[in-house]
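**Q** Sequence first, predicted model second:
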Amino acid sequence: FNKIIALYEGASYASGADIYESIAARSEKAQKDALTALSLCEKYHVSYYVRDWSFYGLYKNFLDQGIDDEAAFQKVISRMFDSSNSYIHSSAYAGNFGGDEPKLEEMDRIVWQVDAYQEALKKAGVTGEVMVNLLPAYVAPIGLSKSGDRSYREYLQYYFDHLAKKLGYVSYDYYPFLTDQFDGSFLRETYLYNLELAASMCRDYGVELRAFLQDCGDFTGLRTMCGVSDIRFHFLVTKD
């Protein structure tokens, strides 16, 4: 493993005079946590995606507080990632976790988020990427479209038309191994469809395919891996 995604660190509910001051106060906590993690990552040569809880989900979390147009996104992000931000200068800094499983209707705002981030990092003289992880094919509704295969193709098509070239990859999490008391162990039926569609579009657009691998079960019916054969199947199918 050579990269780590922040999950819970950086969480803060600090408040200020307005939403911009509140976001700035919350980012201070994220910076403090990120620097602690990044110092360890530097030591062990691991790259780290920071999770600032105001940047993560910015495309949806503050719409009712006026962060709802491109100018507002630029104002927030230019302040969040100016040259005084300590963690973006770390050699272990990989980027920031930007959003997880957005709906189709939210992706136009993710474009604003990515553009503002890339512009801010360019001004600061550093590099990093926004990590955006998409919905899998079995989740519906995905926003602004009917459910079913066609809508998922439209969902991916919007991403590839507007974001894939900016980010250089597509990422989604599809956990295929299920179990129940009647059918035993089985795969979700659209697993290979999702993989083939994403992979073919990656080839067409010249971007990298990324995917999460399942390793444990939960109360929803996901099955814990039984042995190396499960991991081998999941990994090799995705890799090929």
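**A** Cool, the structure landed.

**Q** what about this structure, any weak spots by pLDDT?
**A** Counting by pLDDT under 70, the ranges of the chain that qualify are 140-150, 236-240.

**Q** Could you rerun that using 80?
**A** With pLDDT under 80 as the threshold, the chain has low-confidence stretches at 140-150, 181-184, 186, 214-217, 220-221, 225, 230-231, 233-240.

**Q** where along it do the helices fall?
**A** 19-44, 58-61, 70-80, 107-124, 149-162, 164-167, 191-205, 228-239 (DSSP state H).

**Q** what's near enough to touch Y159?
**A** Y159 is in contact with M107, L134, V170, counting by C-beta atoms under 8 Å, 6 or more residues apart in numbering. Placement of C-beta: from N, CA and C, glycine included.

**Q** Residue most distant from the centroid, this structure?
**A** No residue in the chain sits farther from the centre than F182, which is 34.7 Å out by C-alpha atoms, centre = their mean.

**Q** How much space separates it from P136?
**A** Distance, F182 to P136, by C-beta to C-beta, to the nearest Å: 23 Å.

**Q** Quick check: beta-bridge partners of the most centrally placed residue in the chain?
**A** For the chain, the residue nearest the mean C-alpha position is V132 (2.7 Å; C-alpha atoms, centre = their mean). The partner list for V132 in beta bridges (DSSP bridges) reads G99.

**Q** Name all residues that make contact with it.
**A** By C-beta under 8 Å, 6+ apart, V132 lies in contact with G98, G99, D100, P102, I110, V114, L163, L167, S171.

**Q** okay if I get these as TSV plus neighbour count?
**A** Below are the contacts of V132 laid out as TSV (neighbours: other C-beta atoms under 10 Å):
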residue	neighbour count
G98	24
G99	23
D100	15
P102	23
I110	24
V114	22
L163	23
L167	20
S171	17
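
**Q** Switch these over to TSV; also include distance to A72.
**A** Converted to TSV, the contacts of V132 look like this (distance: C-beta to C-beta, whole Å):
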residue	distance to A72
G98	16
G99	16
D100	21
P102	18
I110	14
V114	15
L163	20
L167	22
S171	26
